[in-house]
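Asks: Sequence plus predicted model, see below.
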Amino acid sequence: MENRVVLITGGSRGIGKAMARHFAALGDHVVIGGVSVDGARQTVAEIEADGGRATALAVDVRDEAQVAEFVKRGLALTGRIDVLVNNAGVAGPVKLIEDVTLEEWQATLAINLTGAFLCCKHVLPIMKEQGQGAVVNIASVVGKKTLPLRAVYAASKMAIIGFTRALAADYGPFGVRVNSVCPGAVAGERQDQALRNAMLATGRTIEDVTREKLEETPLRRFIEPKQIAGVVAFLCSEAAGAMTGQDINVSGGRVMY
């Protein structure tokens, strides 16, 4: 598995950062793309401090020209792209659909869905020519079992699952595997903010809203970013060489289908 070129979008924090560090620890050269290149550079610095190899590039996945340049620069490293992880995403509006503006709808899908489309559009022809490659799209269990007021986010993530299956069927004959991972509630800044928002919206204590969130899962704990990273790395390994078109839950059991 060593010496692969791995492209990861949204790799400056949370799950993306954990994945970047995990792949680098396996001996891969990780190309981290993000709107904020400063955050990506911080991840690169941490990887290099551990003896790994990584490159930080600015990319807005909504912009096809930027995506094309991101892929071109990744390809220039070794003349190959072995892994693509479409991780860039936003939470979108937390509202009843009647209160969602067209702009909010389009902004959420532009990153969560169109961004994955653009990255796949430019990477898959390269993998097709190589005769091998692995793509992992980060979806969400919210696309399968939604949360209140999250219709827009749920739509974008369920679309990613369908997109993944279609690409797996189209590119499997060329030796390219495409899978998705559906995280549950992941520990970190984003989860902390969600819990604070719930506290403010309901007037309950942070302990109450946290306990309620944990009780949604049989394991009664939040998912660690490194646990997502481990599953993604497995899907890109030879051990998962017979797996494609799958949507793998990493949710502590919140979703079991």
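Replies: That came in fine, so what should we check first?

Asks: and the residue nearest in space to the middle of the chain, what are its phi and psi?
Replies: Nearest to the geometric centre of the chain sits residue 87, at 2.4 Å (CA atoms, centre = their mean). Main-chain dihedrals, residue 87, degrees, to the nearest 10: phi -110, psi -20.

Asks: Then residue 143?
Replies: phi -70, psi -20.

Asks: Just say helix, strand or coil for the nearest residue to it once chain neighbours are set aside.
Replies: The spatially closest residue to residue 143, leaving aside those adjacent along the chain, is residue 157, at 3.3 Å (CB to CB, 6 or more residues apart in numbering). For glycine as for every other residue, the C-beta is placed from the backbone atoms N, C-alpha and C. What DSSP: H, G, I helix; E, B strand; the rest coil gives for residue 157 is helix.

Asks: list the contacts for residue 157?
Replies: Going by CB atoms under 8 Å, 6 or more residues apart in numbering, residue 157 touches 112, 139-140, 142-143, 182.

Asks: do the same with residue 14
Replies: Contacts of residue 14 by CB under 8 Å, 6+ apart are 186, 188-190, 225.

Asks: Just give me the neighbour total for residue 191.
Replies: 16 (other CB atoms under 10 Å).

Asks: confidence score at residue 2?
Replies: pLDDT, residue 2: 66.

Asks: related to what we said a few turns ago, how far away is the residue nearest to the centre of the chain from residue 119?
Replies: 10 Å (CB to CB, to the nearest Å).

Asks: Spit out the residues that contact those two alike.
Replies: residue 9.

Asks: pLDDT below threshold where in the stretch 101-250 of the chain?
Replies: The stretch 101-250 of the chain contains no residues with pLDDT under 70.

Asks: show me where it has strands.
Replies: 133-138, 176-183, 247-250 (DSSP state E, counting those that start in this stretch).

Asks: quick one, what contacts the residue nearest to the centre of the chain?
Replies: Contacts of residue 87 by CB under 8 Å, 6+ apart are 8-11, 15-16, 19, 138.

Asks: Which single one of these is nearest to residue 241?
Replies: Nearest to residue 241 among these is residue 19, at 19.7 Å by CB to CB.

Asks: what comes up buried for stretch 39-54?
Replies: Neighbour counts using 16 or more other CB atoms under 10 Å place 39-44, 47, 52-54 of stretch 39-54 among the buried residues.

Asks: Name the weakest-confidence residue in these, if you would.
Replies: Minimum confidence in the buried residues of stretch 39-54 sits at residue 39, scoring 89.

Asks: Which of the helices or strands spans that one?
Replies: helix 37-49 (DSSP states H and E).

Asks: now that helix: how far from the chain's centre is it?
Replies: 18 Å (CA atoms, centre = their mean, to the nearest Å).

Asks: correct me, but residue 86 touches residue 134?
Replies: No - shown here, residue 86 and residue 134 do not form a contact pair, counting by CB atoms under 8 Å, at 11.9 Å.

Asks: Now the residue sitting furthest away from the middle of the chain: phi and psi?
Replies: Distance from the C-alpha centroid of the chain, by CA atoms, centre = their mean, peaks at residue 203 (32.1 Å). Phi and psi for residue 203, reported as degrees, to the nearest 10, are phi 80, psi 10.
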